[in-house]
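[1] Output the structure for:
(one chain, ligands or ions: 2)
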Amino acid sequence: MREAKNVFVGFGKAGKTLAFKLASAGESVILIEQSELMYGGTCINVGCIPSKLLYTLSDAGAGEPGLEKYRNAVLTKKSRIGTLRGKNLHKVADLEYATVLTGQAHFEDDHTITVTYQNGLREEVRGERIFINTGATPSVPDTPGLATSRYVVKTDALMDQEVLPKELVIIGGGYIAAEFATTYAQFGAHVTMLIRNPNFMSFMEREAAAAIHESLTDLGVDIRLHATVTEVTDGEIAATLTVNQNGQVTSVTADTILIATGRHANIDGLGLENTHVLTNERGILVDDQLRTAAPNVWALGDVRGGAQHTYISLDDSRIIMNQLRGDGHATLAQQAVTPSVVFTNPPMATIGLNQEEADAQGIHYRMSKMAVAALPKTYIAGNTRGYMKALVDDNDHIIGATLFAIEAHEMINLISMAMHNNLPYQTIRDQIFAHPTMSEGLNDLFEGIPEK
Ligand SMILES: Cc1cc2nc3c(=O)[nH]c(=O)nc-3n(C[C@H](O)[C@H](O)[C@H](O)COP(=O)(O)OP(=O)(O)OC[C@H]3O[C@@H](n4cnc5c(N)ncnc54)[C@H](O)[C@@H]3O)c2cc1C
Ligand SMILES: NC(=O)c1ccc[n+]([C@@H]2O[C@H](COP(=O)([O-])OP(=O)(O)OC[C@H]3O[C@@H](n4cnc5c(N)ncnc54)[C@H](O)[C@@H]3O)[C@@H](O)[C@H]2O)c1
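    Ligands and ions are numbered 1, 2, ... in the order given. Alright, predicted model coming up:
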C-alpha cells in the first residue's frame, strides 16, 4: 500500500496548488487524477482557458468568420492546451516529495482509497490527510431524446469539434450559454438560445441583462425566453427540438445542441458512503474552513457546492494552507465579495451589490454611470459599446460595480482590490493610470460620484 501525509483526489485548481506548496515544503503528497487528458483540471483542459482562447480568437486575428477560421482556432486551442496540460503535470509530478497517479479514486474508509488504473489494475493508497477536489460535471435535463441524441454535445466536445456548427442550439441561459453564444456567433454559426426562465439572465440587474441581450441579438443570436425543450428527435442531418415557448408548441432544427444547464458536484462513484463525509444535493458538506464531517478530510472547489469559479477554488487552497501552515484565521467569509464575469462582447464584469439589490436592501448610496464610448481606448479597439456604473456608501466605500466594456474582466480586479482593502473610492478617482488604457476610465467613473 502506498502512503502519504497528503492525498489529493482530483487535479483541480485547489488541489494542484496545495499539492505543489505542501510537496515543495517537504511533505509527502500523492495526487490522484482519473484522466491523462485532465492534468491541471477542468479550467486548463476543458473550461476557462480553452473557452476563452476560442472566445478571443472568434473576435480577433485574420480571416473572415467561417469554417476555416474556426478550424484554425480549434487546432490552436488543441496545441496550446496540450502544452499547458504538460506543464501542469510536471509542475507537481517533478517534485521530489510528490507522486501523481493516473487512475480513478474510490474511498474505502476515511483514510483509504482504491485507485483503479486504465489497465484494470488496482492499488490502495492511505492518506493521513485527504483533500477531495473532484470538481463538477454537466447536468443533463431528462428531456426525452436529449441524452441519446447524436447531435448533443457538452462544452468539452464542442470545443474539440473542428467543424463549425451551422445551426447551434444552446439549452440554458447562464455563464456558459452566453459565452458560447457569443463565441460561436462570432465564428459565423447561427445560434439559438433556448432559455427556460422567462427573464433573461435573471441573476443580474435588468439593465445589465438588457445590455447583454442587445449585444447577443446584434450578433444574430436568436434568444427565446420561457422556452422549454420537451423532446429531441434525431433526423438524417439534424435534430428537431420540440419547444414549449410561453405555452405555444414550436420546433427548432439544429445540427449541434449544446447543453449548458449547469454543473453538479462530482461525487457519484467516489465511495463517500464508506466514509464519515456528508453530502447534500449541492455537493460535499464543509464548515467555513472546508473541513468535512470526517476529521482528516477536506473538500475544495466545485465539489463542495459553492460558486463555481477557478478563483474560488484557488482561494479554497489558501484557506487550507493557512489552516495547515499559517495562523488559521482564513475562512470562507473572505469569499463573500468576489468579481464575476460573463464573457460576452464586451464582457460583463460585476462585483458587490448592483443598484437593484442596494435599493431592495434600503441602502443609501451615491452612484455614477458613464458610457465607455467616452474613453479613447475604445476607439483604438474599435468597440465603443458599453457602460460602467459604481455605487458608493456614506463612508465613501465602494459597495458595487458593473462594468460592461472591453477589458471589463481586467478592470474589475482594481475595484475588487479597493473593496477588499476598504479603500475610499477617491483612491481610484485620483489614481494616476497609464494612458491610453481602459482603467483610466475608472478615474472618470468615480469622478462622477456626487458629493455628500
Ligand atoms: C466551459 C467552461 C468555462 C469556464 N470558464 C470559467 C472562467 O472563465 N472563469 C472561471 O473562474 N471559471 C470558469 N469555469 C469554471 C471552472 O472551470 C471551475 O470552477 C474550476 O475549474 C473548478 O476547479 P476545481 O478545483 O473544483 O476542480 P476541477 O478543475 O474540476 O478538477 C477536478 C478533477 O478531478 C478529477 N476527478 C474527478 N473524479 C475523480 C476520481 N474519482 N478520481 C480521480 N480524479 C477524479 C477530474 O478528472 C478533474 O481533473 C468554466 C467552466 C467550464 C466548464
Ligand atoms: N466566467 C466564469 O466565471 C464562468 C464561465 C463559464 C462557466 N462558469 C461556471 O460554470 C458553471 C456552469 O455554467 P452553466 O452556464 O452551465 O451554469 P449556470 O448555472 O450559469 O446556468 C445554467 C442555466 O441553465 C438553466 N437550466 C437549468 N436546468 C435546466 C433545465 N432542466 N432545462 C433548461 N434550462 C435549465 C438555468 O436556468 C440557467 O439559465 C457555472 O456555475 C459557472 O459559475 C463560470
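
[2] Quick one: mean pLDDT for stretch 50-65?
    Stretch 50-65 comes out with an average pLDDT of 90.

[3] does any part of that stretch sit near ligand 2?
    No - taking Cβ under 6 Å from any ligand atom as the criterion, stretch 50-65 and ligand 2 are apart, separated by no less than 6.7 Å. Heads up, the C-betas are built off the backbone N, CA and C, glycines and all.

[4] outside of that stretch, which residues touch it?
    The contact list for stretch 50-65 (Cβ atoms under 8 Å, 6 or more residues apart in numbering) reads 69-70, 72-74, 76-77, 80-81, 155, 159, 176, 179-180, 182-184, 186-188, 343, 345.

[5] just the buried members of these?
    By neighbour count, with 16 or more other Cβ atoms under 10 Å, those hold 69-70, 73-74, 77, 81, 155, 159, 176, 179-180, 182-184, 186-188, 343, 345 as buried.

[6] Relative to A358, how far out is the residue of the stretch 101-250 of the chain found nearest ligand 1?
    At 2.1 Å from ligand 1, G135 is the closest residue in the stretch 101-250 of the chain, using Cβ to the nearest ligand atom. G135 sits 34 Å away from A358, taking Cβ to Cβ, to the nearest Å as the criterion.

[7] Comparing these two, which shows the higher neighbour count?
    Neighbour totals were compared for G135 and A358, and G135 leads with 25 against 19 (other Cβ atoms under 10 Å).

[8] what about the residue lying closest to V297 once chain neighbours are set aside, how many residues close to it?
    Closest residue to V297 apart from its sequence neighbours, by Cβ to Cβ, 6 or more residues apart in numbering: I130 at 4.8 Å. Counted by other Cβ under 10 Å, the residues lying close to I130 total 28.

[9] ok, is the helix or strand encompassing I130 in contact with ligand 1 or not?
    Taking DSSP states H and E as the criterion, I130 maps to strand 122-132. No - judged by Cβ under 6 Å from any ligand atom, strand 122-132 and ligand 1 are separated, with a smallest distance of 8.9 Å.

[10] In terms of secondary structure, what does that strand contact?
    strand 2-9, helix 13-24, strand 29-33, strand 98-107, strand 112-117, strand 297-299 (3 or more Cβ pairs under 8 Å, 6 or more residues apart in numbering; DSSP states H and E).

[11] Strands along the stretch 151-300 of the chain, start to end?
    For the stretch 151-300 of the chain, the strands defined by DSSP state E, counting those that start in this stretch cover 152-153, 167-171, 190-194, 222-224, 227-234, 239-245, 248-254, 256-259, 263-265, 297-299.

[12] Can you give me the pLDDT of T114?
    For T114, the pLDDT comes out at 98.

[13] Same check on K452?
    For K452, pLDDT reads 86.

[14] so who does it touch?
    Counting by Cβ under 8 Å, 6+ apart, K452 has contacts 366, 394.

[15] hang on, the earlier thing: near ligand 2, from the buried ones among the contacts of stretch 50-65?
    Answer for the buried ones among the contacts of stretch 50-65 near ligand 2 (Cβ under 6 Å from any ligand atom): 176, 179, 343.

[16] Ligand 2: which of the residues you listed is nearest?
    Using Cβ to the nearest ligand atom, those come closest to ligand 2 at I176, 3.3 Å.

[17] which bits of this structure sit near ligand 2?
    Of all the residues in the chain, those in contact range of ligand 2 (Cβ under 6 Å from any ligand atom) are 141, 171-177, 179, 196-197, 260-263, 308-309, 340-341, 343.

[18] picking up where we left off before, identify each buried residue in the strand holding I130, please.
    Residues of strand 122-132 classed as buried: 125-127, 129-132 (neighbour count, 16+ other Cβ under 10 Å).
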